[in-house]
Each structure stands twice: as structure tokens, then as C-alpha cells.
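Peer 1: mind folding the following:
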Amino acid sequence: MDVAREEAISFRDAEEMDRETSADTPLRETTHLYRTHFPGAVRQRAYIFDGQGRFYHKEWDLAEGSGNEFCWYHVELPKGSQKLSQSAQYLIDVLCPPLKLQDILSLVSNGPFCGHVDGALVFRINSPGPPSSNYTFRIAARVTENSVITVSLGRVPRLGFSTMGESLLSEIPSIENPSYTRDEQKEGSIVIKEHVLEFLLTMNHSEEADNPVPKSVSNLVVHILDTHVDHLQDVATQLEIDLDSVELELDNGGSALKKQMLDNRRFPKMHLNLQRLLQVIAHGEQVFPRVKEKCSAKLWFASEDIGSLEELIGRLRRLKENVGFIANRVTAIQAGLDSWQSEQINRKLYYLSFLSIIFLPLSIITGVFGMNVGGVPWTEQKDPALKDGFRNVMLLCVGLLFLALLCFIFPTLYRHLAEWQRKRAIQRSWSLNRKSFLKRTRRHDERGGYLRI
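Peer 2: Okay, the predicted model is just below:
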């Protein structure tokens, strides 16, 4: 079953759940909607939190909260083939005003960044690459004391919030069976389809309905970074599952499957995706410590959330090691396929050499008896003294062949000769030393003394 298709179906189901949740949740405030130049180009979510563990959906007015209340505005850019400038236009359309151009550029640019822009803390982990790729990750946030504005590329699992009654993980599951009717299914259970179950197995986190509602801006910042790490972990887990299935196919498959994988460049593509994932993790390793450093200086940032940021930094390091192990496995499998391909080429060359050996005597015979020696000097056939011209040419060819063989064999002969001379010199030196030793031993035996060593 195609994994990309399953993820798309699951994402579509999650988006439908988000829309249903947004319709069911009452609006806290009602204000006018902004008139955009690109209607429907991006997805927008707006929440307001009361600081007591409750949240409400609100209209998109980009206003900050008051007192213990704080607001969160999230923009989800489409995963298409648009340029970076087009994404910037989308953000300008939905975030300006009150945001300025420097705020937009700090949110949409590529690469890691963490700093203060116009009095607000801005950090981003935007990896370069085509937006349509599943291995291009972009998450950026603008944080103030009473509001948070985030921008992501595509849907980030578990980033939003929904009511607890709509959690799929809290339901009693039932296995889908075509032979059962609807009445024969277990009462009070929900049927989970196979592709949804396979998708849930790749997730390292719960659903949006199980998210703890943040009570402060610092809780929300930790939640945003935590979901980003979970997203990276999901992708790494899916890569590892795909690699396990490919290894099983290689063990059970034959030469046709190996040749197909080499032609499709499957493992080089997988290695490239792993390198992109490692780049995103490296960006996170640069940004997360700086976010922790700058947030620790804020009075409104809770101390326990500083410890949560430290745990996220440790998770990133462990995830980087895991992705490195997966990359080593991919490299080892690709090396095995390259070795197999070299072996196949050598075997074909061996068969070709064997055929050339079979036809070599025929080519020699046709070459020898097809020679025209009439134009060679001292081989005139009309001269009775030189009537053996063909024999002379053959002798000349044999001499040239002997000379060529001597040129090839001479290094080996010289090496053997030098080795023989060295051994002879060692034996001669050993025999002389032995004779000298025996003579000195006899002299001391005659004198009855000890031999000086």
C-alpha cells in the first residue's frame, strides 16, 4: 500500500475533523473578517486561551489578549510548487497589518533564526527545498507576552486543539472485516480502517484532542516546539519502516528486483531525504538553545517550561543519532547493491572473454594464412633465392612475439633473480658466521674457559 496515499487520506480526515471542530466550538469574539487578495490560499486558525485551561475559537483579528488571556494565530502555507516570494505574499495578505515587512521576512525566510524583531521574540526553523517535498519543514513563530503568531508549511500533526470528546484514541476500536455486517460489529466500538491504523502506528504522539490546553504563553511555545519534534520523529519512523520493508523485499526478491531498485535510484533518493532531515534537525539544534536562553530572561516565561525546552533539546540530539543510524543502514544496503552490480558485470565480462578465447585460434589461422607477403622486403616470390618468403615472415613474427613476451616477463624474472641473490647472500653470511662461531667454540673448549657472549 502506498504510504504517500495513506498519509494524504489521513491528513484529509484530520482536516475534516478540524473543520467540524471549528464549527462546533463557539466563538469567543465576533469581529469583521479581513478581505484578502488570495482567498482560500492558506489555512488560518485563531484561538483565545483564558489561562485556566480553556480555549475558544475566535475570528482572525490579530489582536492580543488582555490580563491572563492570550491569543494564538496560526497560518498554514500550502505544500505546492510556489516560490518563496509567493509565500511571503500570502503572509502579507493575512498578517499585514499589524505586522510589518521585517516581521514577514523574519518568518518566511529560509534557514535557522532566533532573535528579537520589533520588540517580539521571533524564531524559525525553515529548511530550504521544494515546498511540495515531504522532507521540507518550515515552522516559525512570533511571540509576545499575550499573543503568538505561527507559520508552518503544510499540516503539522497535533499542533491544533479540539474537544476531548472527539479523540479517536479514546474510542474502543474494532477490526474492519468485510464479512461482518454493521449489526454484527461490537457495540460501542468504532471501526478503524487498515490505512488509518498503519498511519497511527507511525505516529509518536497522541491526537489533537488529547493535547493539554496551555495556561500561559510559555506552555504554548513549548507545545509548538514539541509538535515540531514529534513531526520529525514521525518522518524518521516512517523512513525506518520503509527501510525495513525494503530489506525484507531484497532478502526475498531476486536479481530483477535489485536491478529495478538500482535503476530507480531508490536508496540514493532515500539517502538524500535523510540528509534533508538531518539538516532540519541541525537547524533545531541551533535554534532551540537560543530560544531557551532568550526565554529564560523573560519574566512571563515559566521556569518549568525552561526545563521542558531542555528536554526537547535532548530529544533532538537522540533523534539526530537515530537518523544517522538509518543513514548508515541505507549506505550499507547501497554498497551491497553496488557490489552485486559489479559482480554481475564481471561475470558478463568473463563470459565474453571465454567466447573470445574460443574464437581466438580461428582468428589466428585466418590471419596467418590470409597474409599477403608479396610486398614485404626479401620475400619476392619470383626470386629463386628468396622463395621462402612466407617462412621468413613467420620467423620474424615469432621473434617479435618472443621479444614482446620477454618485455612482459622481464620484471618478474628480475624480481625472482634479485630474490635468489638476496637469499644466497643471507645463506653465505649465515654459513660464515657459523664457521666463525664453531672455531671460537673449539678454542675455548681446548683452553677450558667460558665463552664470552
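Peer 1: how far away from the center of its chain is stretch 328-347?
Peer 2: 19 Å (C-alpha atoms, centre = their mean, to the nearest Å).
Peer 1: which parts of that stretch are buried?
Peer 2: Buried residues in stretch 328-347, counting neighbours by 16 or more other C-beta atoms under 10 Å, are found at Arg329, Val330, Ile333, Gln334, Leu337. Backbone N, C-alpha and C define where each C-beta goes, glycine included.
Peer 1: can I get the CA coordinates of it in CSV?
Peer 2: Taking Å, rounded to 0.1, in the frame of the first residue of the first chain, the C-alpha atoms of stretch 328-347 are listed here in CSV:
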residue,chain,number,x,y,z
ASN,A,328,24.3,4.2,7.7
ARG,A,329,21.9,1.4,7.0
VAL,A,330,21.0,3.0,3.7
THR,A,331,24.6,3.4,2.8
ALA,A,332,25.4,-0.3,3.7
ILE,A,333,22.4,-1.5,1.5
GLN,A,334,23.5,0.7,-1.4
ALA,A,335,27.1,-0.6,-1.1
GLY,A,336,25.7,-4.2,-1.2
LEU,A,337,23.7,-3.4,-4.3
ASP,A,338,26.8,-1.8,-6.0
SER,A,339,28.9,-4.9,-5.1
TRP,A,340,26.2,-7.1,-6.6
GLN,A,341,26.1,-5.0,-9.8
SER,A,342,29.9,-5.1,-10.1
GLU,A,343,29.8,-8.9,-9.7
GLN,A,344,27.2,-9.2,-12.5
ILE,A,345,29.3,-7.0,-14.8
ASN,A,346,32.4,-9.1,-14.0
ARG,A,347,30.5,-12.3,-14.7
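Peer 1: what does that stretch contact?
Peer 2: When contacts are defined by C-beta atoms under 8 Å, 6 or more residues apart in numbering, stretch 328-347 is touched by residues 243, 246-247, 250, 255, 258, 261-262, 267-268, 270-271, 274.
Peer 1: so which of the buried residues of stretch 328-347 belong to helices?
Peer 2: Arg329, Val330, Ile333, Gln334, Leu337 (DSSP state H).
Peer 1: could you export those as TSV, including pLDDT and distance to Gly115?
Peer 2: Formatted as TSV, these follow (pLDDT from 0 to 100; distance: C-beta to C-beta, whole Å):
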residue	pLDDT	distance to Gly115
Arg329	90	38
Val330	89	36
Ile333	86	42
Gln334	87	40
Leu337	85	46
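Peer 1: residue ranges in the stretch 351-453 of the chain under the pLDDT threshold?
Peer 2: 365, 368-390, 432-453 (pLDDT under 70).
Peer 1: just the helices in it please.
Peer 2: Taking DSSP state H, counting those that start in this stretch, the helices of the stretch 351-453 of the chain run over residues 389-447.
Peer 1: cool, the chain as well?
Peer 2: 3-24, 84-95, 101-108, 194-201, 217-252, 255-264, 266-295, 303-369, 389-447.
Peer 1: which among these is found nearest to Val75?
Peer 2: helix 84-95 (5.9 Å; C-beta to C-beta).
Peer 1: list the residues that contact Val143.
Peer 2: Counting by C-beta under 8 Å, 6+ apart, Val143 has contacts Ala120, Leu121, Val122, Phe123, Val217, Val221.
Peer 1: that one bridge partners, please.
Peer 2: Leu121, Val148 (DSSP bridges).
Peer 1: kindly provide the distance from Pro98 to Tyr73.
Peer 2: Using C-beta to C-beta, to the nearest Å, Pro98 is found at 11 Å from Tyr73.
Peer 1: same question, Pro361
Peer 2: 86 Å.
Peer 1: looking at the two, which is more packed in?
Peer 2: Tyr73 (21 against 9; other C-beta atoms under 10 Å).
Peer 1: list the contacts of Tyr47.
Peer 2: With C-beta under 8 Å, 6+ apart, Tyr47 has these contacts: Phe55, Tyr56, His57, Lys58, Cys71, Trp72, Phe161.
Peer 1: show me the contacts for the fifth one.
Peer 2: If I follow you right, that is Cys71. So Cys71 contacts Ala46, Tyr47, Ile48, Phe49, Lys58, Ala63, Glu64, Gly65, Asn146, Ser147, Val148 (C-beta under 8 Å, 6+ apart).
Peer 1: tell me the one of these nearest His416?
Peer 2: So of those, ranked by how close each gets to His416 (C-beta to C-beta), first place is Val148, at 82.5 Å.
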